[in-house]
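>>> here are the coordinates; sequence isn't available:
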Ligand SMILES: Cc1cc2nc3c(=O)[nH]c(=O)nc-3n(C[C@H](O)[C@H](O)[C@H](O)COP(=O)(O)O)c2cc1C
């Protein structure tokens, strides 16, 4: 405060003035709200928590998220949580469930409820699958092997992502439940063929071709950039780092991620050509219009997954539940229609079934289970969602999945 004593009259006035105090207060508020400061709270190690809830205390899929969050560095959590641009579609993916009511019915006895069905000839206990997602190694040392063990224990099929954190063969060896593998189109036809044949050799019972690979910027991740960047990729994604480094030297639109080489270039002709390399059912993932669903079925896809990639592609696309009915009207009865993006509760699953979906895939919810409690967490998330679905069936008087039709819900979609 030496400067205070030496300062001139007007400076002294400024130092003591309420206007200065207000300005400092506003600066403090700005800093406290800044994502940069929030990022610096990382890491928030578990030992910093007074008590971490146990697996037995998890009541809903949502309960797993804060435990998962506390277990991992912020930038890895944000990689999972982020949506494209301003994350409007992320919010909409949850909001849509508020626009669909469940019609209460004659209460049934829980032991009359039957959630069994079959998807592309695969008998399943419930219409729930695990959506493909990359980098389970961010969440738990057991990575995809843990998710697969957890899913198999709950008798739920897992769709393994194109680029998992460990080799497909190691995942396959971890459990024996149903397992599909997702494939990202690659402009190199020889590489596409090698991957598709490799996935089938690794035991994929179906191939899911994703056609909406993300291409936007993720503002959350940009705010975390001073936390050390992403770790080097491993497994099938190892090559992506070199690709991204090359991009850093790029100019023009490529500099900002669009169009990224190897992404968003594919066309129907390519999809026709890879069909020859797939001998198991082949589904298309990332469909949001009846028109694209029609073309997919006409071109020989065996199933459609209505998805906006968990809002990780183009921001401001609608939630999937909003477009489900038009897609079902177009292709249902010809191929199974699956759906994902935003599903967290059994009642969410119930609503999608009522609007015509054959099954629902869980993305982040299953990841939270793995990140919170490893394979047991995955199993528990799946058990919770299934039991919530059963509860909705009991209270709406729908004993089997076939009974869950459009009369089971009342919609007020915008
Ligand atoms: C961290 C993360 C990674 C993902 N990676 C892939 C992927 O490699 N391939 C793919 O087809 N979808 C991927 N997805 C999208 C999921 O398959 C699914 O569409 C989405 O998670 C569903 O939304 P939800 O997370 O709100 O349930 C990923 C999603 C997340 C959250």
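Thanks, I have it. For clarity, every value in this text was computed on a predicted model and none was experimentally measured. Residues are numbered from 1 along each chain as shown.
>>> scan the protein for its longest helix.
Counting by DSSP state H, the longest helix found in the chain is helix 364-396.
>>> give me the mean pLDDT for it.
Here helix 364-396 scores 98 as its mean pLDDT.
>>> list the buried residues in that helix.
364-386, 388-396 (16 or more other C-beta atoms under 10 Å). In short, each C-beta sits where N, CA and C put it, glycine included.
>>> again, but for stretch 285-301
Buried positions in stretch 285-301, judged by neighbour count with 16+ other C-beta under 10 Å: 285, 286, 287, 288, 290, 292, 293, 294, 296, 297, 301.
>>> show me those residues that map onto helices.
When DSSP H is applied, the buried residues of stretch 285-301 are split such that 290, 292, 293, 294, 296, 297 fall in helices.
>>> can you list the low-confidence ranges for the chain?
Scanning the chain for pLDDT under 70 picks out the ranges 1-7, 30-50, 214-216, 225-265.
>>> pick out the residue nearest the middle of it.
residue 363 (3.6 Å; C-alpha atoms, centre = their mean).
>>> next helix or strand past the longest helix of the chain?
Counting by DSSP states H and E, the next helix or strand C-terminal to helix 364-396 is strand 409-411.
>>> rewinding a little: now do the residue nearest to the centre of the chain against the ligand, distance only.
2 Å (C-beta to the nearest ligand atom, to the nearest Å).
>>> what about residue 406, distance to residue 297?
In this view, residue 406 and residue 297 are 22 Å apart by C-beta to C-beta, to the nearest Å.
>>> just residue 373 next, same as before
Counting by C-beta to C-beta, the gap from residue 373 to residue 297 is 40 Å.
>>> who in the protein is up against the ligand?
Residues of the chain that fall close to the ligand, judged by C-beta under 6 Å from any ligand atom: 80, 93, 131-134, 161-162, 182, 210, 285, 307, 309-310, 312, 340-343, 362-364.
>>> filter those down to just the ones in strands.
Secondary structure assignment (DSSP state E) places 182, 210, 285, 362 from the residues of the chain next to the ligand within strands.
>>> which residues touch stretch 55-66?
Stretch 55-66 has contacts (C-beta atoms under 8 Å, 6 or more residues apart in numbering) with 53, 67, 344-345, 362, 364-365, 368-369, 371-373, 376-377, 380-381, 384-385, 388.
>>> ok, now which ones touch whichever residue of the stretch 201-350 of the chain sits closest to the ligand?
The ligand sits closest to residue 310 of the stretch 201-350 of the chain, with a gap of 2.7 Å, by C-beta to the nearest ligand atom. Going by C-beta under 8 Å, 6+ apart, residue 310 touches 83, 90, 93, 131, 340, 341, 342, 363, 364.
>>> swap in 10 Å and give it another go.
80-84, 89-90, 93, 131, 133, 214, 320, 340-343, 361, 363-364, 367 (C-beta atoms under 10 Å, 6 or more residues apart in numbering).
>>> need the buried ones from the residues you listed selected in PyMOL.
Per 16+ other C-beta under 10 Å, the buried members of the contacts of residue 310 correspond to this PyMOL selection:
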select buried, resi 80+81+82+83+84+89+90+93+131+133+214+320+340+341+342+343+361+363+364+367
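>>> please consider this matter closed, and thank you.
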